[in-house]
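J.: pasting a predicted model and its sequence here:
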Amino acid sequence: MRVFKILFISITLILILYINYKSFISSQIQPFLIADLNEGMHRYSLSDAIKADLNFPSLSGPTQPIKMLVGRYYRNEDSIDTAKKLFLDAIKDNPYIKSPQAQLAYLYLDIEEFDSAYYYAKDAFNGIPNNNVHRDIFFKTLVQRKDTLELKESFELLLELAPNNSSHWLGYLDSRYQIVGPQDPEILELIPRFEDQFPDFDKRVVDGIKVIANSELQDLSFGASFAELGDNLFEEGDYLIAAQHYEIAISYAEYEYAFYENAAISYYLGERYDKAANYFTKVIDEFEINDGKSEFYLGILLIELDSINKGCDYLLKSSKLGFADGSTEAYNNFCN
């Protein structure tokens, strides 16, 4: 009898130690996955993400389901079936926080299953409407459906909940613009109201919206429209103003790496090397592009600032990544 007691206690202690160990390992990676979620990034690899145990515990500190956090990385790797299963299981782990529903809606948009995307996006928005992620994905599905009526009703709800949230206004204006295009009377009527509501808002953004709303640009979001205006200014050699337009485009599409890179190149040609270096570094560190372009420009920039060793390191990286526009030649000229 005593042997069985000792055996039982030993097994229980081993299980407790195992669970504590798994929870500890999982807790080490969770803050990084949550930071990526909050910033809409994927700075960590799938192999890093799966270190977070899916069941010990099933919820993170902020009650975000671990399966949802890990599922984002499977989606980023186009492992659609695995990501979908994790998101659906995450809903069971916490059906109230609505983040898994939003992530599932994004996944269904990826694979063009638009009815399912709308279903889960609406679930997320109806559950917690005053949430920028839930609003964004729901508005995206309404743009795809060209549903101006539900879009307006949703915007009016947001105005009741958070009238001083400028991003709700901009999200609505942007989404409506994608559906109806320029010269829309409602957008033109809302812009002065936006200025009255937010008198301290960045005037460049408001003036740009006025230009876009009265332009001939078609089938573009505000972000893409600002970027196109930036392209035109870049072609005219007005690099610093072009860079400012790319920065405004970033405010609408903060996950579009090309806007950061274009801003960096524009600031580089406009001889604002500090801003250029910041944007090139952001592209390299936060986006998994790996085409060597930003590494090349940052390398040349650093060499011009007499930071030869760092510049050569970036030129070497650019050459190894196969960037064709002279990175190997530049490395041989400046660094050998």
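T.: Sure, I can see it. Keep in mind that this is a model prediction, so the values were computed, not measured.
J.: low-confidence ranges in the stretch 1-150 of the chain?
T.: By pLDDT under 70, the low-scoring segments of the stretch 1-150 of the chain are 1-28, 53-62.
J.: can you give me the helices for it?
T.: 2-39, 46-49, 66-76, 80-93, 99-110, 114-127, 132-145, 148-161 (DSSP state H, counting those that start in this stretch).
J.: please name the nearest non-neighbouring residue to Ala227.
T.: In this structure, Ala227 finds its nearest non-sequential neighbour in Ala249, 4.2 Å apart by C-beta to C-beta, 6 or more residues apart in numbering. Any C-beta I mention is one placed from the backbone N, CA and C, and that applies to glycine too.
J.: residue contacts, the one you found?
T.: Each residue near Ala249 by C-beta atoms under 8 Å, 6 or more residues apart in numbering is listed here: Phe222, Gly223, Ala224, Phe226, Ala227, Gly230, Glu256, Phe259.
J.: filter those down to just the ones in helices.
T.: With helices taken from DSSP state H, the overlap with those comprises Phe222, Gly223, Ala224, Phe226, Ala227, Gly230, Phe259.
J.: put the buried members of these into a PyMOL selection.
T.: Command for PyMOL that selects the buried part of the ones in helices among the contacts of Ala249, burial taken from 16 or more other C-beta atoms under 10 Å:
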select buried, resi 222+223+224+226+227+230+259
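J.: got the ones in helices among the contacts of Ala249 as JSON lines, with distance to Leu158 and pLDDT columns?
T.: Shown next, in JSON lines, are those (distance: C-beta to C-beta, whole Å; pLDDT from 0 to 100):
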{"residue": "Phe222", "distance to Leu158": "17", "pLDDT": "86"}
{"residue": "Gly223", "distance to Leu158": "20", "pLDDT": "87"}
{"residue": "Ala224", "distance to Leu158": "23", "pLDDT": "88"}
{"residue": "Phe226", "distance to Leu158": "23", "pLDDT": "89"}
{"residue": "Ala227", "distance to Leu158": "26", "pLDDT": "91"}
{"residue": "Gly230", "distance to Leu158": "29", "pLDDT": "92"}
{"residue": "Phe259", "distance to Leu158": "26", "pLDDT": "94"}
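J.: tally of neighbours for Lys92?
T.: If you count neighbours by other C-beta atoms under 10 Å, Lys92 ends up with 11.
J.: the helices of the stretch 1-150 of the chain: which one's closest to Ala324?
T.: The closest of the helices of the stretch 1-150 of the chain to Ala324 is helix 66-76. By C-beta to C-beta, the value is 26.8 Å.
J.: give me the number of residues near the closest residue in space to Lys293 that isn't next to it in sequence?
T.: Spatial nearest neighbour of Lys293, chain neighbours left out: Phe323 (5.7 Å); criterion: C-beta to C-beta, 6+ apart. Residues lying near Phe323 (other C-beta under 10 Å) number 22.
J.: Phe323 is in contact with Asn290, isn't it?
T.: No: contact between Phe323 and Asn290 fails when scored by C-beta atoms under 8 Å: they sit 9.9 Å apart.
J.: and Ser251, how close does it get to Glu286?
T.: According to C-beta to C-beta, to the nearest Å, Ser251 stands 16 Å off from Glu286.
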